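*Asks:* Return atomic coordinates for the entry below.
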Amino acid sequence: MTPASPQSPETPHELSFGHELPPEDSAAPSKGTIRVLQLYPRDMNIYGDWGNALVLAQRLRWHGYTPELLEYNVGDPFPADVDLIVGGGGQDSGQLVIQDDLLSRESTLKQMADAGTPMLVICGLYQLFGKFFKTRLGSVLPGIGILDVETHGTDERLIGNVTVSSPEFGNILGYENHSGQTTLGPGVEPLGTTAKGTGNNSTDGQEGARYRNIVASYLHGSLLPKNPALADFLIRTAVERKYGSFTPGTPDDSYAVLAREHAARRPR
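*Replies:* Down below sits the predicted model:
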C-alpha cells in the first residue's frame, strides 16, 4: 500500500510487496537524509530492479547517511524534495499501464533532470525517458523526451551477460533481455561500449546513455549490486547537491567483488 501523501523523515514509508529496509547497523550519528524515489515499482520491476534501490539504501548507510526510500506508482501524489530517482524495466503491458501517468509527470521530471538530480533508469523506463518506443506491431508509445534516444521493437531478442567498458565507471557488468533496439541522438553520450554482449542495439556496440546526472541502461541483474562505482556516483551526486560536499564512508565491497569476478567469467 502506498501512502496518500509524502512521508516525513520521522514517519516510516510503507512500501509495496512487503519490502522493508534492513535494520540499522550503526549507532553513529547520521550525516543527513537522502530521499530515494523508485518510479512505478508495481509495474516496472520485472527483473528485480528493486535491488537497485536496496543497494542505494545500504550504501548510503555505509557512507554515514540515512536513506528514506519512497515509491511512486500510477495515480500517486509525486513526493516532494526527492534527491535521487531509480526506475526499472517491465513488459510492454507495464509500459502501457504507466504511459499516460508518466506523460503527466513529464514537466516535473524534466525540471529535476535539468537541475541535476541523479537518476538511474533501466530498460523500459530508459525507453520511455526517450522520444518514443515503437513496438514491433507498429504502435507508438510517446516518451517524455528527457533523453535524445528512440527505440524500435523488433523480432530479435538481445539476451545474455554483458560487459560494458565505461570511461567513467570502468567495467560495468550486467544482464540484458530486450527486443527493443535503441539508437542515440547527438544530445546524449553512450554509457560505454560493449566488450561482451550487445547493448542498445545489434549494430553499434554501445550500451546505455548518459545525460547530465542520468544513467540509462538495459542492464539488469540487479545492476548496482555488482557495480558499486556506479552506485556511489549516484549517491555522491545526490549528497553534494543537497549538502554541498560528500565525505565517503567505508562500504563493504567484498560481496560485490566476488559477484563481479563470477559474472566476468560467465559466457555470453
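*Asks:* what about the helices in the stretch 1-150 of the chain?
*Replies:* Using DSSP state H, counting those that start in this stretch, the helices of the stretch 1-150 of the chain run over 50-62, 92-104, 106-115, 124-128.
*Asks:* from these, which stretch is densest packed?
*Replies:* helix 124-128 (a mean of 29; mean count of other CB atoms under 10 Å). Backbone N, C-alpha and C define where each C-beta goes, glycine included.
*Asks:* mind checking how far that helix is from the chain centre?
*Replies:* 10 Å (CA atoms, centre = their mean, to the nearest Å).
*Asks:* what helices or strands is that helix leaning on?
*Replies:* helix 92-104, strand 149-166, strand 170-184 (3 or more CB pairs under 8 Å, 6 or more residues apart in numbering; DSSP states H and E).
*Asks:* just checking, Leu69 touches Ile34?
*Replies:* No. With contact defined as CB atoms under 8 Å, Leu69 does not count as touching Ile34 (9.7 Å).
*Asks:* Have a look at these two and say which one is more surrounded.
*Replies:* Ile34 (25 against 22; other CB atoms under 10 Å).
*Asks:* How about the contacts made by the nearest residue to that one once chain neighbours are set aside?
*Replies:* Leaving aside its sequence neighbours, Ile34 sits nearest to Asp83 (CB to CB, 6 or more residues apart in numbering; 4.8 Å). Neighbour list for Asp83: 34-36, 117-118, 238, 241-242 [criterion: CB atoms under 8 Å, 6 or more residues apart in numbering].
*Asks:* 6 Å instead, please
*Replies:* 34-35, 238, 242 (CB atoms under 6 Å, 6 or more residues apart in numbering).
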